[in-house]
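Trainee: Here's a sequence, model it:
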Amino acid sequence: MRDDADARPPRAPRRTSGSDPLWRQAADVIRADIERRGLTEGDKLPSERDLCARLEISRVTLRKALGYLVDQGMLTATHGRGWFVATAPAASTASPRDWPNDLESFTATARRKRMTPASLVLRQIRRPATLDEADRLDVPAGTELFALDRVRLLNDVRIAVDRTLVVAELLAGLDEDEVDFTSASLFEELRRRGVEMDRSEATIEARTADGELAGHLEIGPGSPVLVLDQTIHDKDRRPVLLSVVEYSGERYRLRTTLQTV
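Mentor: Got it, this is the predicted structure:
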């Protein structure tokens with residue numbers, strides 16, 4: 001960033017229980033500061049130490065925020081030199097990751113990729129947890145769960161079938177709010193109720209679609225699908241959500257970036 005004498009430092013992000021994660025708030029503050037100061041391609045941001053002090057966050061949180069802005073095409077990093085506003089080629093040709101390194105919802109991923117998310121609700125009920133489900137969620141068998149099965153769409157194209165289970169007590173007031181999950185995000189509904197999801201343990205494997213799944217995705221029986229089975233934990237390391245997402249192998253590609261730390 002330019003060292004203008006009258007430039008105001010970015011404000012520290014708020015720390016509110018039900019709001020976005022701190023790293024996301026920090027990313028929003030940095031983005032707003034770039035826009036407010038009219039920074040252009042090639043302009044350098046302050047050092048990480050300076051940003052941590054100004055934003056009152058740890059370096060781990062800062063790097064998560066900066067990495068997110070790199071994915072958005074707003075920043076670029078040069079080893080040993082620091083962080084810069086992205087040059088025109090980086091901003092125009094950078095290919096955002098299909099598969100985020102950070103835990104985010106289907107809705108957030110779609111919006112990040114400038115696509116329109118939607119859902120067809122197949123089932124939305126409350127039911128008791130089976131023994132296996134209770135074991136994975138670390139609750140007594142029979143605990144009430146909220147079950148939500150949806151066909152997920154991007155730009156009106158059927159991409160996946162998502163079957164999710166959440167401990168029902170975490171969604172207090174959901175029935176009264178009459179949430180429409182054809183467009184609403186379950187992640188956002190949990191955040192509104194103070195549940196801050198922090199970590200996912202996931203397995204990914206290739207399978208073929210049976211007749212029911214093929215019908216939901218409008219593909220042929222036996223077509224390849226990619227199955228994501230995950231348990232999501234909150235910031236207190238408590239398992240709060242189980243999800244099995246079956247992606248059409250012909251319509252969805254997973255791409256990520258790995259680096260040494």
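
Trainee: contacts and neighbour counts: CA atoms only from here.
Mentor: Noted.

Trainee: Number of residues surrounding the residue nearest to I204 when sequence neighbours are not counted?
Mentor: Excluding the flanking residues, the one nearest I204 by CA to CA, 6 or more residues apart in numbering is L228, at 4.6 Å. Burial of L228 is recorded as 16 neighbouring residues (other CA atoms under 10 Å).

Trainee: Make sure L228 is indeed in a strand.
Mentor: Yes: secondary structure of L228 (DSSP: H, G, I helix; E, B strand; the rest coil): part of a strand.

Trainee: quick one: stretch 179-188 to chain centroid distance?
Mentor: 14 Å (CA atoms, centre = their mean, to the nearest Å).

Trainee: Show me what the mean pLDDT comes to for it.
Mentor: What stretch 179-188 shows for mean pLDDT is 90.

Trainee: Pull out the buried residues from that stretch.
Mentor: Neighbour-count burial for stretch 179-188, counted by 16 or more other CA atoms under 10 Å, picks out F181, T182, S185, L186, F187, E188.

Trainee: neighbouring contacts of it?
Mentor: S105, T107, P117, A118, S119, L120, V121 (CA atoms under 8 Å, 6 or more residues apart in numbering).

Trainee: Only whichever of the residues you listed are buried, select them in ChimeraX.
Mentor: To isolate the buried ones among the contacts of stretch 179-188 in ChimeraX, judged by 16+ other CA under 10 Å, type:
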select :107,117,118,119,120,121
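
Trainee: So which of the contacts of stretch 179-188 belong to strands?
Mentor: The strands, defined by DSSP state E, take in P117, A118, S119, L120, V121 from the contacts of stretch 179-188.

Trainee: can you tell me how far the last one sits from Q230?
Mentor: When CA to CA, to the nearest Å is applied, the distance between V121 and Q230 equals 20 Å.

Trainee: related to what we said a few turns ago, could you redo the buried residues of stretch 179-188 as CSV and give each row secondary structure and distance to K64?
Mentor: Listed next are the buried residues of stretch 179-188 as CSV, based on DSSP: H, G, I helix; E, B strand; the rest coil; distance: CA to CA, whole Å:
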residue, secondary structure, distance to K64
F181, coil, 29
T182, coil, 30
S185, coil, 22
L186, helix, 23
F187, helix, 19
E188, helix, 20
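
Trainee: Nearest to D156 among the residues you listed?
Mentor: T182 (11.9 Å; CA to CA).

Trainee: Which of the three states applies to R31?
Mentor: Under three-state DSSP, R31 falls in the helix class.

Trainee: How much space separates it from L75?
Mentor: The spacing between R31 and L75, counted by CA to CA, is 9 Å.
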